[in-house]
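**Q** The sequence and its predicted three-dimensional model are supplied below.
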Amino acid sequence: MEAAPVREMKHYDGPVDVCIVGAGAGGAVLAYELAKGGASVVVLEAGGWVTKERDMLNDELSMYDRMNWDDLRLVDGGSPLALGWPNTGRGVGGSTLHFTAAALRLHASDFRVRSQDGVGADWPLTYQDLEPYYTRVEHFLGVSGPTHFPWGEFHGPYPQPPLPRSCRDQRVAAGMSKLGIRWAMTPHAVLTQDYRQRRACMNYGFCSFGCKSGAKSGTDVTYAPRAVDLGAEIRTQAMAFRVNVSPGGRARSVSYYDQFGGEHEQEAGVVCLCCYSIETPRLLLNSTSALFPDGLANSSGQVGRNLMVHLGNNAYARFDDPVDMWVTPPVGICSQDFYETNPRRDYVRGWTFEAYSLFPISFATGLIPDYPDLWGRRMVDLMKDYSHFLLLGAVGEVLPHPDNRVTLAEETDRWGIPVAKVTFTAGENERRMSRHIDERARDILQAAGANLILPTHPYDHLLGTCRMGADPRTSVVNADCRAHDVDNLYIVDGSVFPSGGGVNPSLTIEALATRVAEHLTERARAGEFALAMA
């Protein structure tokens, strides 16, 4: 991947107003919004610039397992997680380089799961607090979606028309309709019309391996380049390893290694961590000092705790005739008829169904964990029918638990930084929900005419570990994503989610980042920070 940007970029030699760590869904949005307000901004990104001309190929074998965070991590617990792709990204754009671009909002109920369902934790803000920022992000990205979206609080219209329904979508829709289950095209951060000097989607279907046409609205082609145009510096191949504090306990600078192992320090008036749910707590826990012996912003002991993922159940379904599931982006139609808690079920919360596709290598490797005897001739024979398969996937809510967490291991990485140890065990609520997902998926696919159904049980989307909350004793940041313990330290990524909901998280992270940028601008104008924007 290119280490140099694709456009001319400003370089800062001394202190800046804001130092952001990570250039993904949170960091790139912050960089753009703050630079637009006049702040001097440096973003430290561990990866490089990724260009669609040079680094993205419409070839699964060449692209498989690229653009992900592949550094050493240790996994533990009763349900050890498979890390790296597709959960974490590396490079300008972060995980949005290879996300499927599903752009779904959380529901109002997701913000009050403790009050409503007696589990987890409430957010210290409401859906209504975040609603205007969802709208701003959707219009900036050019989100495409159905004329009417039947669930949640927002029903449309979206800025752009929906993606076309493929044969895969038609089959799943037929099965849902027979059972009285509502469905609609999933909103996507994918252009269906030319927009802001980018062309509409050409239906390559390679979204999970990087969008060569630029129609997918990852932050690599939306927020990041515009931040650079406005004067932000995105400093690539910069691996942050410690946030330094002043004698008064304020964040003073970020120390990082360059690609050659040289140590550097970037001073700033405000530090924003946007490294996601493993690297953010890892950085905080590694930033010990006399003032913060247990890690920065960790007086509550909550840094690293309450790790969440999403149930990612996939049902592989074979049909008598070809369905060519790879046509159009990976996510097609969806249903949220099972999203909210239903007192007739033996678990709380719910999930989103999404018609889904995988390319051949991912298709085969996705089966292996649940079917270890599927190899050799059996696998070859199954793969011969690849064009006859589609997937019905789920994004299911997982409840937070303090023992599901990120800690530091004794092992170190190539820079000598302690690696992250990720411990996760699914709870009884998740096991019951997973069984129900399998049952409903089988019902739908049988109604659609499938002659073979193979359920699998991966996990998706890392969330939690630096919980947002009103009480400093039980959370790490407040409703504005500011650390309770450090007045000028902000965490703006999926790690602050108190609950995970049942949707892909990127749109919510981007909305939160937009809101935090507005909050920082207001603080600066009130004279609380000596920022250029003041």
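**A** Looks like it came in fine. Numbers count the residues shown, from 1 in each chain.

**Q** Tell me which stretches of the stretch 201-350 of the chain form strands.
**A** Remark: strands assigned in the stretch 201-350 of the chain by DSSP state E, counting those that start in this stretch are 233-235, 239-245, 251-257, 263-273, 308-311, 314-318, 333-335.

**Q** So, low pLDDT: which residues of the protein?
**A** Within the chain, the stretches with pLDDT under 70 are 1-7, 59-60, 63-65, 85-86, 529-534.

**Q** how about 90 then?
**A** For the chain, applying pLDDT under 90 flags the ranges 1-9, 50-72, 82-91, 93, 97-99, 203-214, 326-328, 361-362, 522-534.

**Q** residue boundaries of the helices in it?
**A** 27-36, 60-63, 113-117, 127-141, 167-178, 223-229, 276-286, 360-367, 377-383, 428-448, 506-525 (DSSP state H).

**Q** for those, which one ends up most surrounded?
**A** Of all the helices of the chain, helix 27-36 has the most neighbours on average by mean count of other C-beta atoms under 10 Å, namely a mean of 29. C-beta coordinates here come from the backbone N, C-alpha and C atoms, glycine included.

**Q** Report the angle between it and helix 276-286.
**A** Put simply, helix 27-36 runs at 80 degrees to helix 276-286, going by axes from the mean of the first three to the mean of the last three C-alpha atoms, to 10 degrees.

**Q** which helices and strands sit right next to helix 27-36?
**A** Helices and strands touching helix 27-36, as assessed by 3 or more C-beta pairs under 8 Å, 6 or more residues apart in numbering; DSSP states H and E, comprise strand 16-21, strand 41-44, helix 223-229, helix 506-525.

**Q** Which neighbouring elements make contact with the second one?
**A** Okay, so that is strand 41-44. Applying 3+ C-beta pairs under 8 Å, 6+ apart, we find strand 41-44 packed against strand 16-21, helix 27-36, strand 233-235, strand 263-273.

**Q** circling back to that earlier point, closest to Arg377 out of the strands of the stretch 201-350 of the chain?
**A** Arg377 lies closest, by C-beta to C-beta, to one member of the strands of the stretch 201-350 of the chain: strand 314-318, at 17.2 Å.

**Q** Who are the packing partners of the closest one?
**A** Judged by 3+ C-beta pairs under 8 Å, 6+ apart, the packing partners of strand 314-318 are helix 360-367, strand 389-397, helix 428-448, strand 452-456.

**Q** would TSV of the ones you listed with distance to Tyr32 be doable?
**A** Below are the helices and strands packed on strand 314-318 laid out as TSV (distance: least, C-beta to C-beta, whole Å):
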stretch	distance to Tyr32
helix 360-367	32
strand 389-397	27
helix 428-448	36
strand 452-456	38
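
**Q** For Glu267, find the nearest of those.
**A** Evaluated with C-beta to C-beta, those place strand 389-397 nearest to Glu267, the distance being 40.3 Å.

**Q** so what strands line up beside the closest one?
**A** Strand 389-397 sits in its sheet next to strand 308-311 (antiparallel), strand 314-318 (antiparallel), strand 351-356 (antiparallel), going by DSSP bridges.

**Q** The last one to helix 167-178, inter-axis angle?
**A** The reference is to strand 351-356. Going by the same axes, to 10 degrees, strand 351-356 makes 140 degrees with helix 167-178.

**Q** Now strand 351-356: buried residues?
**A** 351-356 (16 or more other C-beta atoms under 10 Å).

**Q** how about those residues in a markdown table, adding distance to Asp480?
**A** Below are those laid out as a markdown table (distance: C-beta to C-beta, whole Å):
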| residue | distance to Asp480 |
| --- | --- |
| Trp351 | 30 |
| Thr352 | 28 |
| Phe353 | 34 |
| Glu354 | 32 |
| Ala355 | 37 |
| Tyr356 | 35 |
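
**Q** And those, which two are furthest apart?
**A** Spanning the widest gap among these are Trp351 and Ala355, at 13.9 Å by C-beta to C-beta.

**Q** still on that earlier bit, kindly reformat the strands of the stretch 201-350 of the chain as a markdown table and extend each row with distance to Ala103 and mean neighbour count.
**A** Formatted as a markdown table, these follow (distance: least, C-beta to C-beta, whole Å; neighbours: other C-beta atoms under 10 Å):
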| stretch | distance to Ala103 | mean neighbour count |
| --- | --- | --- |
| strand 233-235 | 23 | 21 |
| strand 239-245 | 28 | 21 |
| strand 251-257 | 30 | 21 |
| strand 263-273 | 23 | 22 |
| strand 308-311 | 16 | 26 |
| strand 314-318 | 20 | 24 |
| strand 333-335 | 11 | 25 |
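
**Q** Looking at the helices and strands packed on strand 314-318, which is nearest to Arg105?
**A** strand 389-397 (12.9 Å).

**Q** what angle sits between that closest one and strand 452-456?
**A** With the same axes, to 10 degrees defining the directions, strand 389-397 sits at 30 degrees from strand 452-456.

**Q** Quick check: buried residues in strand 389-397?
**A** For strand 389-397, a neighbour-count test (16+ other C-beta under 10 Å) marks 389-397 as buried.

**Q** Adding distance to Arg442 as columns, could you present those in a markdown table?
**A** Formatted as a markdown table, the buried residues of strand 389-397 follow (distance: C-beta to C-beta, whole Å):
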| residue | distance to Arg442 |
| --- | --- |
| Phe389 | 15 |
| Leu390 | 14 |
| Leu391 | 13 |
| Leu392 | 9 |
| Gly393 | 14 |
| Ala394 | 12 |
| Val395 | 18 |
| Gly396 | 16 |
| Glu397 | 21 |
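
**Q** Just the closest of the residues you listed to Ser79, please.
**A** Using C-beta to C-beta, Gly396 comes nearest to Ser79 of those, at 13.4 Å.

**Q** quick one: contacts for that closest one?
**A** 310-313, 350-352, 430, 433-434, 437, 502 (C-beta atoms under 8 Å, 6 or more residues apart in numbering).

**Q** give me that answer again for 10 Å
**A** Listed by C-beta atoms under 10 Å, 6 or more residues apart in numbering, the contact set of Gly396 reads 309-313, 338-339, 347, 349-353, 430, 433-434, 436-437, 459-460, 500-502.

**Q** what's the answer for Gly393, then?
**A** Gly393 sits next to 100, 311-316, 330-331, 334, 351-358, 437, 441, 456, 458, 460 when contact means C-beta under 10 Å, 6+ apart.
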